[in-house]
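Chemist: Give me a 3D structure for the following:
(4 chains)
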Protein chains: 2
Amino acid sequence: MEAQAVSLQEALREQGLRLTRQRRIVVEALDRAEGHLSARDLLRLARQADPTINRATVYRTLALLKSRGLIDELDLLHLEGVGHFYERRVEGDHAHIGCPGCGRIVEMRTELAQDLARTVTERTGFAPTSIRIEVRALCPACQASAA
Amino acid sequence: MEAQAVSLQEALREQGLRLTRQRRIVVEALDRAEGHLSARDLLRLARQADPTINRATVYRTLALLKSRGLIDELDLLHLEGVGHFYERRVEGDHAHIGCPGCGRIVEMRTELAQDLARTVTERTGFAPTSIRIEVRALCPACQASAA
DNA sequence: CTTCCTGCAAACCTTTTGCATGCCT
DNA sequence: AGGCATGCAAAAGGTTTGCAGGAAG
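Modeler: Numbers count the residues shown, from 1 in each chain, chains lettered A, B, ... in the order given. Alright, predicted model coming up:
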């Protein structure tokens, strides 16, 4: 929804936020991740770099990034568990599609989010900063086995 | 996404599901609700009709309704707390728009969900059964006070 | 030097589960 | 009668918080 720095680490610096060793480790893990990560995943990854890093620090860093709009928070329709998932906000919105049969999650880029943002502004006067689209849909394999 | 009965209660019967006193109370509360309800809200409402009704029953009923596609589950971007929200699935999709400034949630009907469902099918072969669109957006009042 | 972050541990909240009992069909 | 739903209580996650010590700017 807006221009972005090449990395979260850089984005943090641009925003004048303190860049501690722990925050660097956490954002590096998010930068490297190709998709969504749970807080638990992220803690595990961070601990590979520093085994003393604490859960609370991970949550606090996630809250910070979230409040600055640098990451998106998803829950992936509970298909992968009750917790939340995080991923770096990227240019170009995408929908998350989850199959309730097998739990598989795929992503799909879509321009419809732009349209939606425009419509929201026109019809409600609200100013969108992020859009989350999550679709529950049977994958082809599960459609076949359900038939 | 498909035709619906006039009430959840009726829908339950149509699906050949056992309609216990507790389930009736819970679905009546959902039927009466104009918008989203948390599990906690729902328990509170149900207890007005029967103070002995149990939390576990509410959760089990919600799981049942969810699995049958009769209700939608939302988390409203965590703006109202960490839990989930439920509402009867209605004809005509709508997006939930939440203001991070004041926590206000508004709904907006949108046809874009239909387009999105079509696109998903065409591009991925997945068969959508529900779509969740949640938008984080500053409301007019909060835009003004932020300026 | 000051501010704010971290680790720790406990608390908190929501949601789930095993089990014995009871209700619906 | 049989199968399934309920209530109860405890457990299981996930997430948040107060506090004392420590690191970053």
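
Chemist: got the contact list for the closest residue to residue A:99 other than its chain neighbours?
Modeler: Among residues not flanking residue A:99 along the chain, residue A:139 sits closest, at 4.0 Å (CB to CB, 6 or more residues apart in numbering or on different chains). (Glycine included, C-beta is placed from N, CA and C.) The contact partners of residue A:139, taken as CB atoms under 8 Å, 6 or more residues apart in numbering or on different chains, are A:99, A:101-102, A:104, A:106, B:125-126.

Chemist: any idea of the pLDDT on residue A:139?
Modeler: As predicted, residue A:139 sits at a pLDDT of 96.

Chemist: For chain A, which residue occupies the most central location?
Modeler: Residue closest to the average C-alpha location in chain A (CA atoms, centre = their mean): residue A:87, at 2.6 Å.

Chemist: Tell me which entries of the contacts of residue A:139 lie within helices.
Modeler: Among those, none falls in helices (DSSP state H).

Chemist: Out of those residues, which sit inside strands?
Modeler: Judged by DSSP state E, the contacts of residue A:139 include residue A:106 as members of strands.

Chemist: want to try a markdown table for the contacts of residue A:139, with pLDDT as columns?
Modeler: Converted to a markdown table, the contacts of residue A:139 look like this (pLDDT from 0 to 100):
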| residue | pLDDT |
| --- | --- |
| A:99 | 95 |
| A:101 | 90 |
| A:102 | 91 |
| A:104 | 93 |
| A:106 | 95 |
| B:125 | 97 |
| B:126 | 97 |
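
Chemist: What subset of the contacts of residue A:139 is buried?
Modeler: Among these, the ones that count as buried by 16 or more other CB atoms under 10 Å in any protein chain shown are A:99, A:106, B:126.

Chemist: Throw these into JSON lines and include distance to DNA strand D, thanks.
Modeler: As requested, the buried ones among the contacts of residue A:139 are exported to JSON lines (distance: CB to the nearest atom of the strand, whole Å):
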{"residue": "A:99", "distance to DNA strand D": "20"}
{"residue": "A:106", "distance to DNA strand D": "22"}
{"residue": "B:126", "distance to DNA strand D": "25"}
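
Chemist: What is the nearest of the residues you listed to residue B:49?
Modeler: The shortest approach to residue B:49 among the buried ones among the contacts of residue A:139 belongs to residue A:99, at 36.9 Å (CB to CB).

Chemist: Tell me how far the closest one lies from residue B:126.
Modeler: 7 Å (CB to CB, to the nearest Å).

Chemist: what's the overlap in contacts for these two?
Modeler: Joint contacts of residue A:99 and residue B:126 (CB under 8 Å, 6+ apart) are A:137-139.

Chemist: all helices of chain A, in order?
Modeler: For chain A, the helices defined by DSSP H occupy A:8-14, A:21-32, A:39-49, A:55-67, A:112-124, A:140-146.

Chemist: Tell me the buried residues in stretch A:80-96?
Modeler: Under the neighbour-count criterion of 16+ other CB under 10 Å, stretch A:80-96 has A:80, A:84-89, A:93, A:95-96 buried.

Chemist: among these, which are in reach of DNA strand D?
Modeler: Contacts with DNA strand D within those, as defined by CB under 7 Å from any atom of the strand: residue A:84.

Chemist: who in chain A is up against DNA strand D?
Modeler: Applying CB under 7 Å from any atom of the strand, we find that chain A lies next to DNA strand D at A:18-21, A:38-40, A:55-56, A:59-60, A:63, A:81-84.

Chemist: Scan those residues and report the most crowded one.
Modeler: Neighbour tally across those (other CB atoms under 10 Å in any protein chain shown): the maximum, 18 neighbours, falls on residue A:84.

Chemist: and the closest residue in space to residue A:79 that isn't next to it in sequence, how many neighbours?
Modeler: Here the nearest residue to residue A:79 in space, its sequence neighbours aside, is residue A:98; by CB to CB, 6+ apart that works out to 4.3 Å. Neighbourhood size, residue A:98 [other CB under 10 Å]: 22.

Chemist: Which residues are in contact with residue A:98?
Modeler: Per CB under 8 Å, 6+ apart, neighbours of residue A:98: A:76-77, A:79, A:104-105, A:134-137.

Chemist: Closest to chain B out of the shared contacts of residue A:99 and residue B:126?
Modeler: Nearest to chain B among the shared contacts of residue A:99 and residue B:126 is residue A:137, at 3.8 Å by CB to the nearest CB.

Chemist: In this structure the closest one contacts residue B:119, no?
Modeler: No: Residue A:137 lies out of contact with residue B:119 (CB atoms under 8 Å); the separation is 11.4 Å.
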